[in-house]
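A.B. asks: coordinates only, sequence not included:
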């Protein structure tokens, strides 16, 4: 006769807080990516005569994702999630700065380079759901992924709202939008500091001397 199934224990407050902070990072990072897609082509046509190329910086962001996804995952595997996500946020801040500089200088190719840099930040954005899996026992993992990726719903509201609020705040138009993108990545960099990532996934056999990441 099989033993009765044990009820799933609830998550402790520290783990719940970690998942909430991961969802916040997901929302902020994805909102920044939404702003990039929404604003870049519109900002380029204000000074660049060839409108057929207006979406090239956003396209280069996708190229940056393809080039960065494996290096970003490898860095997190070897040096930890916290450092990996901070590097991603740093690339996000750098990319937003370069794109804003390109707009200010009316230099299309500088904006393209900024879009490529942002690809690394977006590649790290895709890692949040995997980080959530590592924080919880096996029977909680599907739910943890759902909670973190739900941040995308917030991003779908936050990103376009920030574009509407900032697009004409500074001249040239959309310059303040890129400043807001910088601010979102800076917030992610800060929030990651408060997440306690385990040295290995919850529920796996601990390695000798293993302990939680600082």
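C.D. replies: Yes, it's here. Keep in mind the model is a prediction, meaning the values are calculated, not measured.
A.B. asks: quick check: phi and psi at the nearest residue in space to residue 122 that is not next to it in sequence.
C.D. replies: Of all residues not flanking residue 122 in the chain, residue 65 sits nearest, at 5.0 Å (Cβ to Cβ, 6 or more residues apart in numbering). For every residue, glycine as well, the C-beta is placed using N, CA and C. When read as degrees, to the nearest 10, the backbone of residue 65 gives phi -60, psi -50.
A.B. asks: since we're on residue 65, how many residues are nearby?
C.D. replies: 21 (other Cβ atoms under 10 Å).
A.B. asks: how near is it to residue 140?
C.D. replies: 28 Å (Cβ to Cβ, to the nearest Å).
A.B. asks: can you check residue 169 too?
C.D. replies: Applying Cβ to Cβ to residue 169 and residue 140 gives a distance of 42 Å.
A.B. asks: what about these two, which has more around it?
C.D. replies: Each of residue 169 and residue 140 has its neighbours counted (other Cβ under 10 Å); residue 140 has more, 21 against 13.
A.B. asks: Three-state assignment for the more buried one, please.
C.D. replies: helix (DSSP: H, G, I helix; E, B strand; the rest coil).
A.B. asks: how close does the residue lying closest to it once chain neighbours are set aside get to residue 141?
C.D. replies: Nearest residue to residue 140, sequence neighbours excluded (Cβ to Cβ, 6+ apart): residue 11, at 6.4 Å. According to Cβ to Cβ, residue 11 stands 11 Å off from residue 141.
A.B. asks: show me the contacts for the closest residue to residue 67 other than its chain neighbours.
C.D. replies: Distances taken as Cβ to Cβ, 6+ apart place residue 119 nearest to residue 67, at 6.6 Å, with adjacent residues excluded. Counting by Cβ atoms under 8 Å, 6 or more residues apart in numbering, residue 119 makes contact with 60-68, 95.
A.B. asks: again, 10 Å this time
C.D. replies: For residue 119, the contact set (Cβ atoms under 10 Å, 6 or more residues apart in numbering) comprises 33, 60-69, 72, 91, 95.
A.B. asks: pLDDT below threshold where in this structure?
C.D. replies: Scanning the chain for pLDDT under 70 picks out the ranges 1-9, 200-214.
A.B. asks: how about 80 then?
C.D. replies: Within the chain, the ranges that satisfy pLDDT under 80 run 1-12, 138, 199-214.
A.B. asks: can you give me the helices for this structure?
C.D. replies: Applying DSSP state H to the chain gives helices spanning 13-44, 56-79, 81-105, 108-125, 128-135, 141-149, 151-166, 175-192.
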